[in-house]
Structures are given as structure tokens and as C-alpha cells.
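Enquirer: Here is a sequence together with a model predicted from it:
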There are 2 protein chains.
Amino acid sequence: MSILVVGSVAFDSVETPFGKASGILGGSAIYFSAVASLYTKVNLVAVVGTDFPMERLEFLTDRGVDTRGLQVMDGETFCWAGRYNYETNTCENLDTRLNVFADFHPVLPEGYEQSDIVFLANIDPDLQYEVLRQVPQARLTMLDTRHLWIHDKRESLTTAIRAVDVVTMNEGEARAFVETYGTLTAAKAILNLGPKVVIIKQGEYGCAMLGEDGYFSVPACPLEDVRDPTGAGDTFAGGFLGYLDKVGEMTPQSTRRALVHGCAAASFTVEEFGIDRLRSLTLEDIVGRYQELHQCTHFEDE
Amino acid sequence: MSILVVGSVAFDSVETPFGKASGILGGSAIYFSAVASLYTKVNLVAVVGTDFPMERLEFLTDRGVDTRGLQVMDGETFCWAGRYNYETNTCENLDTRLNVFADFHPVLPEGYEQSDIVFLANIDPDLQYEVLRQVPQARLTMLDTRHLWIHDKRESLTTAIRAVDVVTMNEGEARAFVETYGTLTAAKAILNLGPKVVIIKQGEYGCAMLGEDGYFSVPACPLEDVRDPTGAGDTFAGGFLGYLDKVGEMTPQSTRRALVHGCAAASFTVEEFGIDRLRSLTLEDIVGRYQELHQCTHFEDE
């Protein structure tokens, strides 16, 4: 069992009402791997510049993450800066310097093509599709996206969506992609493009899933201290796919459980800046919060 | 078994992206009674002007609502006008003419003081407290409020909150009252004032409840067509208290079921303008949607 993740590695600078951090390790591939590696073997594909200190990845390689797919290119590593207000569901982009990420072209080292599950983080949908064609035997494929691609590359994104099993988007992205104000309407329209499952991330309100099993909704874990929402969506994906890879089957009930694992994993991410909380995170922690989510959503049938 | 409701009767004018309606029957006491009367006997206290056509209340008296507590005062009935945008969780106030409602002073007709449950809709907290003192034997009391009272009558509102069993507020109101951006933090602070249960209404995201049983969260019913959010909160209260009056006991499980009944009831309200959908609503309809909510939130424990 193993998961291939293709995404970004970045230096992040983040401001929230609760503090700030500068030049910290970030990027979708990092957040995803930090959680998914608690469940299964992760094969990482991303790019960094020659300025990137490789020792920063030790906590991932210690968890068995295969980083042979991390390309080092001449130039600087992708930098991102953002600011969150009290409304943690929206982020103000302060600065994006793609640097070497602008010329990123995913290359799969030998063996990666055998990955059971593929997660395509929110990179260019043309690259997402290119990767998909290299992993035809994958048991399960999932993509994330972002406003930039919805706006600039709608056709490419639609092509990639048609080719994957699971699509995950933030609620605002799904509404923008479908050009509707109804979340359920948006999810249905995306499902009609071909995927088996559509997951709508709702930030502090949790997430909703639509698929053959119908509609399913999970709240976010009730938290008093949310310090930095960065990476919540990628760690959600790490918990969701990590769980599905570990249990080895995608039934209606295992898919629901996977979604709750994703929410539980994301709830830790936001408690500290960057990946700070994830360094010491264990599968037992996630299972504990899974049980809390069960406790705070369970009610008897009529 | 019976419920006393003290609230408003109004002429509403509402605009949403999906249509508009002018001079339609509205007000918290109307919405609440329309749903609670499907479960139990409702005793209504409110005020109208001499311009109010009493036959508009026939659908409520047909459901057994006691309207002896509806005062008719010289002057015009309370008028409210509002506009909702696509963000159905926020409403722009266009016009508020309190008219006779400005001099409203609740008077309980004989027998009303025997009501088992009391719902104090979002009227002046001084009036809420005045009513509470007239129903010392009530098994369960609950109040709702609004931004106006949080802003203008914080002390009076705090006194009323200390005197009831259940407090319900919109999420934004709870955050404003406690002056925090964390919903859980707000709920805890309100609970510390004395009530047994605090319910935070989250609009299209459902609602959350905090009490001795811990935290409990229910999503809103997934809907494609939301035409008019007016009255959702009052019909939520009608389903919640109606159910609790009908089952006659407030256990952790019955309280959770009551919250789901409230969400189910509110989901019908928003499907049509004003009270249109409520005229034909049955308890069986609500139970059907309760079961849908169970189906779309249930997952197995680890």
C-alpha cells in the first residue's frame, strides 16, 4: 500500500490574529505527507530550489516518506505569504513567488507508478492530467484545486476532474467553478462530470461529501484555539486518503470514516502555526479526535 | 402539555435573489407557532394594530393555537422589510416600523401561566424577564435575542439569560455578545452565565449545542432551493421546544433529537417565501427530514 502525492514544497510566511511566522516549511506536499505518512507509505513528488535545506525534511523521511521524487532545480524555492483575519475561512494573499515551481514538471522515480492511491494537490491541472496518465493502474485518484485554475484554466481543470475518482474543493471554489451559490448544486454538477465522490471543504464548519452513497456531512472538531488555518485542506486529504489506503477498500462506510479521519487530522493542523503540531502528531491522537467527533454528532434514529 | 410563546406578529416585506414578497404575514410568534402547534398546544402572546386582518391567523387557530393573548392596540401593526443576498446567512435591514410593537407589554390571559414550556422570542430582554416572573412553575424556559439588544441592552439581556434554561442565538450574535471570534468560546461563556443549554444557530451550516451533555452539532438539511431564510430561527425553536414538550422529558438524547427536529422544521421554512411552506407542513414531513439528517450524518464509531 502506498500513496503518491504531487504538490508543492514552499517557504511560508503567515500572519493571523494570534501571531506570525516567517519562512517556515510549508506547501501542499509537505502538509499532506506529514499526515498520510502516519497511515501508510508516501511517495512524494515536488520541486525545491538549491536554497532548500534538505534537513528540514527529516521528520518526513523518519516517517518513511520517499523523497526521491523531490527535484532540486537551479533557483529559489517557492515562497508564499498570506494573512488570515478572524474569519478563518478566507485568506488574503500577500505575496506569491513561484520561483522554481513555475517550471515544475512532475517526474516519477522508478516504483512510484506502482502507488495504489494518487493525490494531486492544487497544482496546474495540465500537470495533474499528465501525472494521471503515468499511473493508469492506481486504485484511487483524487485532486484538489484552487481559484487560480478555476479562473485561468477551466477547460484543463474540467479534463482533470473527468479523469479522477475523487474531487475536493473549498466551498467557495466549488461554487465559483459551477457558478452557483448553492453548495449542494455545485457538488452535484461536479459529480456529473464523472468523479465517484465530491468533497466540499467548509473550513470551520467541517465538510460535506456527495457520492453514490448520497450526501454526508461532518462538522469540524469544536476548537477554542485556532491559530493558523494553513494546510488544513492538505492534511484533511492526508487523513482521508491515508485511512483509505490503510483499510484497503472504499465502501460507503469506510469512505465516511475516512472523511472523519480527514477532519480529525485537519483539526490538529490549525492549532499551531505551520506544521508545528504535526511533528508530534500520532495516529492515536487522530483516532481520539475521531471518537470525539462521533460523540458530538451521534443521535438516535426516530 | 403546552408552550407559551411571547413574540412578534408582523407584516414582512422580503427580497431575495429568488423573488420578493410584500406585506406578508410574519413575526417570530407566527413562525414559532406554525411549527410548535404540530407537536403540542401553543399559547400565543403578541400585539397587532387595528389594521390587522384576524382571518390571517385561521391556519394557526385551526391547529389549536390559543390566540387569546394577542392584544389589539390602536395603531398599525409592526412592519419589517429586509433583503437577503446570496449569502443567506446575512440580512440587510431595509425598514423597521415598530408601530404598536413599540408599546407592547405582554399580558398573560388566564391559564397561560400554567404552560409547561416558555419561549421568549427576540423581544426586549426587560419584557422577557417580566414574563419569566409570571411563569415560575414552567418546566423549561428558552430565549432568543438579536443584535439590537446585545448592543443596546446588554445588562438586561444578561439578567434574562441568567434566568432561563436554554439560550439560542445566531452565531454572529453569540460572538458579538461575548466579544470573541470563537464560537465554542462564545457558547462556553454564555453557558457560564447559568443556562443549562446554549444553542448556536449557524444558518446554512446547521447548529451547535453546548450543555451538560457536552457539544453536539447538526448540519442543515442539504437543500438546492433556498428561497427565503426569514423565520428559520423561530421555526427551529418551534421544532425544538415542540418536540421536547411532546416527549415530556429533557434527557441528553431527547435534547439532541429535539435539536434535529428543529433543524428539520427550519429546512422547510426556507424553501418558500414567508410561511407559505408551513401552511401544509405536517409532523410526518418533519420526521421524514429528521431521518434524512440521520442518514447523512451517521458514521460508525472506531
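Expert: That came in fine, so what should we check first?

Enquirer: who's in contact with stretch A:63-73?
Expert: The list of residues contacting stretch A:63-73 from outside it, by Cβ atoms under 8 Å, 6 or more residues apart in numbering or on different chains, reads A:9, A:33-34, A:37-38, A:41-50, A:52, A:57, A:60-61, A:100, A:103-104, A:106-109, A:112. (Glycine included, C-beta is placed from N, CA and C.)

Enquirer: What distance do you get for residue A:151 to chain B?
Expert: Applying Cβ to the nearest Cβ, to the nearest Å, the value for residue A:151 to chain B is 19 Å.

Enquirer: How many residues are close by that residue?
Expert: 11 (other Cβ atoms under 10 Å in any protein chain shown).

Enquirer: Roughly how far does the residue nearest to the spatial centre of chain A sit from chain B?
Expert: Taking Cα atoms, centre = their mean, the centroid of chain A lies closest to residue A:234, which sits 2.3 Å from it. Distance, residue A:234 to chain B, by Cβ to the nearest Cβ: 22 Å.

Enquirer: Now for that residue: which residues touch it?
Expert: A:7, A:28, A:29, A:30, A:31, A:32, A:121, A:144 are the contacts of residue A:234 under Cβ under 8 Å, 6+ apart.

Enquirer: How is the fifth one assigned, secondary-structure-wise?
Expert: Assigned by DSSP: H, G, I helix; E, B strand; the rest coil, the conformation of residue A:31 is helix.

Enquirer: would you list every one of the helices in the stretch 1-150 of chain A?
Expert: A:28-36, A:58-61, A:125-134, A:147-152 (DSSP state H, counting those that start in this stretch).

Enquirer: Name the residues of the shortest one that come out as buried.
Expert: Of all the residues in helix A:58-61, those buried under the rule 16 or more other Cβ atoms under 10 Å in any protein chain shown are A:59, A:60.

Enquirer: try the third one
Expert: Of the residues in helix A:125-134, those with enough neighbours to count as buried (16+ other Cβ under 10 Å) are A:125, A:127, A:128, A:129, A:130, A:131, A:132.

Enquirer: Adding distance to residue B:18 and pLDDT as columns, could you present the residues you listed in JSON lines?
Expert: Shown next, in JSON lines, are these (distance: Cβ to Cβ, whole Å; pLDDT from 0 to 100):
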{"residue": "A:125", "distance to residue B:18": "33", "pLDDT": "97"}
{"residue": "A:127", "distance to residue B:18": "40", "pLDDT": "96"}
{"residue": "A:128", "distance to residue B:18": "36", "pLDDT": "98"}
{"residue": "A:129", "distance to residue B:18": "37", "pLDDT": "97"}
{"residue": "A:130", "distance to residue B:18": "42", "pLDDT": "96"}
{"residue": "A:131", "distance to residue B:18": "41", "pLDDT": "97"}
{"residue": "A:132", "distance to residue B:18": "39", "pLDDT": "97"}
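
Enquirer: how about CSV for those residues, with distance to residue A:198 added?
Expert: Formatted as CSV, these follow (distance: Cβ to Cβ, whole Å):
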residue, distance to residue A:198
A:125, 16
A:127, 21
A:128, 16
A:129, 18
A:130, 23
A:131, 20
A:132, 17
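
Enquirer: ok, those vs residue B:92, which is closest?
Expert: residue A:125 (37.4 Å; Cβ to Cβ).

Enquirer: With that, I have no additional questions.
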